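K.L.:
Pasted the sequence and its predicted model underneath.
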Amino acid sequence: MTLLGRAQSAAARAYGFETTSDEEFDLFFITQDVEGPEDIGPLNDLIEGVNDSLSPEVPLVINSQVPPGFTRTWMDKRKHLYYQVDTLITNCALERALYPERIIVGTRGSLHPAYSEFLDAFSCSVLTMSYESAELAKLAINFYLASSITVANTCAEIAERIGADWNQIIPALKSDKRIGQHAYLNPGVPGGHLTRDLLRIQVLAKNKDFINAILNPKGQ
């Protein structure tokens, strides 16, 4: 499913909401996957089509992985526009969609009542912030997680060299409340979205023109 968010759709049904045709929507999600700059054009086309056919009063929530600054480019074309951070994990996507620890929303003002009703169904904290802050929060989360895997890899290698056992050390770190039970401490390679967002953070830090290049891949 491309339009009404895949995980959010399942979560909505579980909490008594219904999915239907776009002409009847009270709330509309776009969740098209964005792996790189080449995917921004199709996402823009999708949003354009939705924006033209959807009632101006229906909130539109972008749930794709977009660079900071993207959502604001649509602000003047959509009255009720939001960016919701996707923090799903592939092997437990449905569980995290149904029971999120918190929801991060980028907005330019107060939340539309229909969107607020949807969010209230999850009984978790909702963090509202600017579009750019929410978009960067998505990257920052994965940057932090990828960095913790780098730490684990480095320490595991050191442990092997000096005759220590990293698996014995992991519980000591997880018992530290500043790190926690769910810390990414198993050695390995950050995969999927972690690697992608790590690279995006690195480019953002080095290239001030990166956002413009992403938002305008053809220099338009």
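P.N.:
On my side now, so go ahead.
K.L.:
what is the rounded mean pLDDT of the helix ranked longest in the chain?
P.N.:
Using DSSP state H, we find that the single longest helix of the chain is helix 131-162. The average pLDDT within helix 131-162 is 90.
K.L.:
so whichever helix or strand comes after that helix versus helix 131-162, what angle?
P.N.:
Scanning forward in sequence from helix 131-162 by DSSP states H and E, the next helix or strand is helix 166-174. Helix 166-174 and helix 131-162 meet at an angle of 140 degrees, taking axes from the mean of the first three to the mean of the last three CA atoms, to 10 degrees as the criterion.
K.L.:
Tell me the buried residues in helix 166-174?
P.N.:
Neighbour-count burial for helix 166-174 flags 166, 170, 173 (criterion: 16 or more other CB atoms under 10 Å). C-beta: built from backbone N, CA, C; applies to glycine.
K.L.:
Kindly report the same for stretch 81-99.
P.N.:
81-88, 96-97.
K.L.:
Flag the least confident of those.
P.N.:
The member of the buried residues of stretch 81-99 with the lowest pLDDT is residue 88, at 75.
K.L.:
Tell me which helix or strand it sits in.
P.N.:
Using DSSP H and E, no helix or strand contains residue 88.
K.L.:
Tell me if residue 127 really is in a strand.
P.N.:
Yes. Assessed by DSSP: H, G, I helix; E, B strand; the rest coil, residue 127 belongs to a strand.
K.L.:
Pairing partners for it in the sheet, please.
P.N.:
Residue 127 has these beta-bridge partners by DSSP bridges: residue 104.
K.L.:
For it, the count of nearby residues, please.
P.N.:
Look at residue 127: counted by other CB atoms under 10 Å, it has 14 neighbours.
K.L.:
which residues touch it?
P.N.:
By CB atoms under 8 Å, 6 or more residues apart in numbering, residue 127 lies in contact with 102-105.
K.L.:
One more pass at 10 Å, please.
P.N.:
85, 102-106, 133-134, 137 (CB atoms under 10 Å, 6 or more residues apart in numbering).
K.L.:
For residue 108, see how far away it is.
P.N.:
Using CB to CB, to the nearest Å, one obtains 15 Å as the distance from residue 127 to residue 108.
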